[in-house]
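**Q** here's my sequence, what's the structure:
(chains A, B, C and D)
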Number of protein chains: 2
Amino acid sequence: MATKTRDAAAEKLPLDQILAGDCIDIMNSLPEGSVDLIFADPPYNLQLKGSLHRPDNSAVDAVTDHWDQFASFAAYDSFTRAWLKAARRLLKPDGAIWVIGSYHNIFRVGAALQDAGYWVLNDVIWRKSNPMPNFKGKRLTNAHETMIWASKAETSKYTFNYEALKALNEGIQMRSDWVLPICTGHERLKDANGDKAHPTQKPESLLHRVIVGSTNPGDVVLDPFFGTGTTGAVSKMLGRHFIGIEREESYRKVATARLDKVRKLDASALETSTSKRSEPRVPFGQLVERGMLRPGEMLVSPRGKAAKVRVDGSLVSAEHRGSIHQVGALLEGAPSCNGWTYWQFKRDGQLIPIDILRQQIRTEMARDA
Amino acid sequence: MATKTRDAAAEKLPLDQILAGDCIDIMNSLPEGSVDLIFADPPYNLQLKGSLHRPDNSAVDAVTDHWDQFASFAAYDSFTRAWLKAARRLLKPDGAIWVIGSYHNIFRVGAALQDAGYWVLNDVIWRKSNPMPNFKGKRLTNAHETMIWASKAETSKYTFNYEALKALNEGIQMRSDWVLPICTGHERLKDANGDKAHPTQKPESLLHRVIVGSTNPGDVVLDPFFGTGTTGAVSKMLGRHFIGIEREESYRKVATARLDKVRKLDASALETSTSKRSEPRVPFGQLVERGMLRPGEMLVSPRGKAAKVRVDGSLVSAEHRGSIHQVGALLEGAPSCNGWTYWQFKRDGQLIPIDILRQQIRTEMARDA
DNA sequence: TGGATGCGTGAATCTCGAA
DNA sequence: TTTCGAGATTCACGCATCC
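**A** Next up is the predicted model:
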């Protein structure tokens, strides 16, 4: 707590600094039970092989840095278990940890956390509003990353600022899925050449929510994979202490310059809420998946043209196939057509516009948001 | 594929049935390499202690069934590794699996999948539009569950109906986070007392998306934790075969009654949008042979580069010669080039993409088939 | 100054069949 | 098993440029 007298162990901490070196060695050199929160963004072990090009033939700048290379799952596990053990020793009894990862590594991290005695509180999904698409159409767009929030032990009285997060979420309980954009634009740090300074810089909005939700002012937040220092920047801004550990000198240099520019906020730290209150998009396919329309059912146009609904939410008429908009446009010989207002379905002998069903879904969405 | 002759192993399968007993024993009794897809909703090992009450003091009906009780993580791991091994043996070489879970078990399941040799394709978040709130305000609202989609091996040519899922999502490629409501209302099966028949019944919309996206009509879908048979119901409706395995008689009974009521959709509703990859290959030389392009005629690129058509269907420019793709790539200095969409020819002063000619041939082929 | 247009890019396990 | 070559494939933004 902010008001609590700092204990002896914490007094020996090198606060608000970036420590150079291997995170396991350095964590082992710091006093036991001294840190309130750990935020860790470890290597994901992506195991990328060849190169990848966009449809326009430009090359994707992939994460191929040496620090993300591991010989095997076993090697990655052994690294993971070692740093998680060192991290747990550092935590105060009521401390907690956040770890972020992708499907490449997060299952291994999660199992190691549980095996080490941490107690998982939530898994939190960062849903990216602007992810990189899947260029080859071979998988789903990888549009999220996973964070695990765990206390040091099952009995820990971890910090959770329920009301603060609820306030951040317009008065509604914060959920386990967070929609936030990736780090781009001015926030993305560049090196002297104008290239990105770090391949995986996290957005400050993500750390903002983590730190507001699970620390108090004056707390100590340690990041063993500091990179360009997002954790430090947000901690400093929010009046928390940080300790960064980073092996690579180039990252430390960028982080130091960044942290020098950060000013602690006075009082009301408001999230840059991107509340574009436009109506949410409802794919027509959801009406089929949710059983509101039956695959095989016929839709009818105002002038009596008909088309059949297929399981993937596309339509097929005598001569055309495609989306509700495409088939409508083709049947009318029009350049475009709003399928939502064009098509109707039959219930109890009545013709009903399909837009009614979309309204039902939107009403649910608004109620449940 | 639906039209492919079923192989010997698959012919011995007990299709469209619910098998009674332990899933590991039963899977081991079925023929190796015979199943296209496995969907598994294993016990979550929730480790619930005590009871939970809502703010109004009503009790939350928690999952406390005996089948969800495990003595330790080690016991749960050993169970998980055993059924995943039996499941992998059953899969065809190009088969795939989906497993759904929560933070209690999904990390252990994911690590076990990777260790067993499965190849993770995506982790998919089922984002619940109407989750149960966190009554105590001690954690984030647990508003999602995680599914892991993995192929049998890294080299598997898994089924992925990219275009169908894109159609379900109104023309934008499907992401790894799916917003769907939980199973309520009349879809939620009740027992004779009017209580819910199964504590964790999954919504059909979720299975619809899984099955449309990763199987073809006629495929065999196995569910080793069948419960009340959502996987079977959706498989049957979508013209896939199912095999259910369920230990508890009460669930089998409910599932049987449910499946009897399901009708298979007619074939035209089952058709989905397909990708160009599945269309027949047309050699460029055919355009010349058929007189659609004259030997000696010039093709033009979007940026005005030109090449001459030769009698054998190769191109020659000032500096390069080769296929339409090779010459395009060389002229652009690109690693590759789709000549079909790159080159244009001239008719009546208009520039027309050569892909139009390929479309004409494909339309003829479809009509004559 | 403002709107339209175009370009660049982000933690990516990203083709496939024939020879 | 490896090699070769045809040819399929992208969404949301920020920012710069150009009328």
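**Q** mind listing what A:Gly110 touches?
**A** With contact set as C-beta atoms under 8 Å, 6 or more residues apart in numbering or on different chains, A:Gly110 has these partners: A:120, A:123, A:148, B:103, B:106-108, B:110-111. Using the backbone N, CA and C atoms, a C-beta is placed for each residue, glycine as well.
**Q** redo that, cut-off 6 Å
**A** When contacts are counted by C-beta atoms under 6 Å, 6 or more residues apart in numbering or on different chains, A:Gly110 touches A:148, B:107.
**Q** wait, is it part of a helix?
**A** Yes. Counting by DSSP: H, G, I helix; E, B strand; the rest coil, A:Gly110 is found in a helix.
**Q** averaged pLDDT, stretch A:175-188. What do you get?
**A** Across stretch A:175-188, pLDDT averages out at 94.
**Q** before we move on, what about stretch A:265-274?
**A** What stretch A:265-274 shows for mean pLDDT is 46.
**Q** what do you get for stretch A:196-211?
**A** Confidence over stretch A:196-211 (mean pLDDT, whole number) is 96.
**Q** go on, stretch A:281-296?
**A** The model assigns stretch A:281-296 a mean pLDDT of 89.
**Q** measure it end to end?
**A** End-to-end distance of stretch A:281-296: 24 Å, with C-alpha to C-alpha, to the nearest Å as the criterion.
**Q** chain center to that stretch: distance?
**A** 28 Å (C-alpha atoms, centre = their mean, to the nearest Å).
**Q** run through who's touching that stretch.
**A** The contact list for stretch A:281-296, computed with C-beta under 6 Å, 6+ apart, reads A:309-311, A:313, A:324, A:357-358, A:361, B:168-170, B:205, B:208, B:265-266, B:269.
**Q** now do the phi/psi pair for A:Asp94.
**A** As for A:Asp94, its main-chain torsions (degrees, to the nearest 10) stand at phi -100, psi 20.
**Q** that one and A:Ser156 touch, don't they?
**A** Yes. Taking contacts as C-beta atoms under 6 Å, A:Asp94 lies within contact range of A:Ser156: 4.8 Å.
**Q** tell me the pLDDT at the residue lying closest to A:Tyr162 once chain neighbours are set aside?
**A** Excluding the flanking residues, the one nearest A:Tyr162 by C-beta to C-beta, 6 or more residues apart in numbering or on different chains is B:Gly137, at 4.4 Å. The per-residue pLDDT reported for B:Gly137 equals 93.
**Q** and A:Leu259, by the same measure?
**A** If you check A:Leu259, the pLDDT there is 97.
**Q** assign it to helix, strand or coil.
**A** Per three-state DSSP, A:Leu259 ends up helix.
**Q** just A:Leu206 next, same as before
**A** Under three-state DSSP, A:Leu206 falls in the helix class.
**Q** what is the residue nearest the centre of chain A paired to in the beta sheet?
**A** Residue closest to the mean C-alpha point of chain A, counted by C-alpha atoms, centre = their mean, is A:Trp126 at 1.8 Å. Note on A:Trp126: beta-bridge partners by DSSP bridges are A:Glu145, A:Trp178.
**Q** from DNA strand C, how far off is it?
**A** 10 Å (C-beta to the nearest atom of the strand, to the nearest Å).
**Q** how many other residues sit next to A:Trp78?
**A** You called it Trp, but residue A:78 is Ser. A:Ser78: 12 surrounding residues under other C-beta atoms under 10 Å in any protein chain shown.
**Q** and A:Met365, by the same measure?
**A** The burial count for A:Met365: 16, using other C-beta under 10 Å.
**Q** quick check: chain neighbours aside, which residue is closest to it?
**A** A:Pro280 (5.7 Å).
**Q** contacting residues for A:Gly213?
**A** A:Gly213 makes contacts with A:161, A:165, as judged by C-beta under 6 Å, 6+ apart.
**Q** under a three-state scheme, what state does it occupy?
**A** helix.
**Q** against A:Glu204, how distant is it?
**A** 14 Å (C-beta to C-beta, to the nearest Å).
**Q** could you do A:Gly110 as well?
**A** A:Gly110 is 25 Å from A:Glu204, by C-beta to C-beta.
**Q** try A:His325
**A** Distance of A:His325 to A:Glu204, given as C-beta to C-beta: 39 Å.
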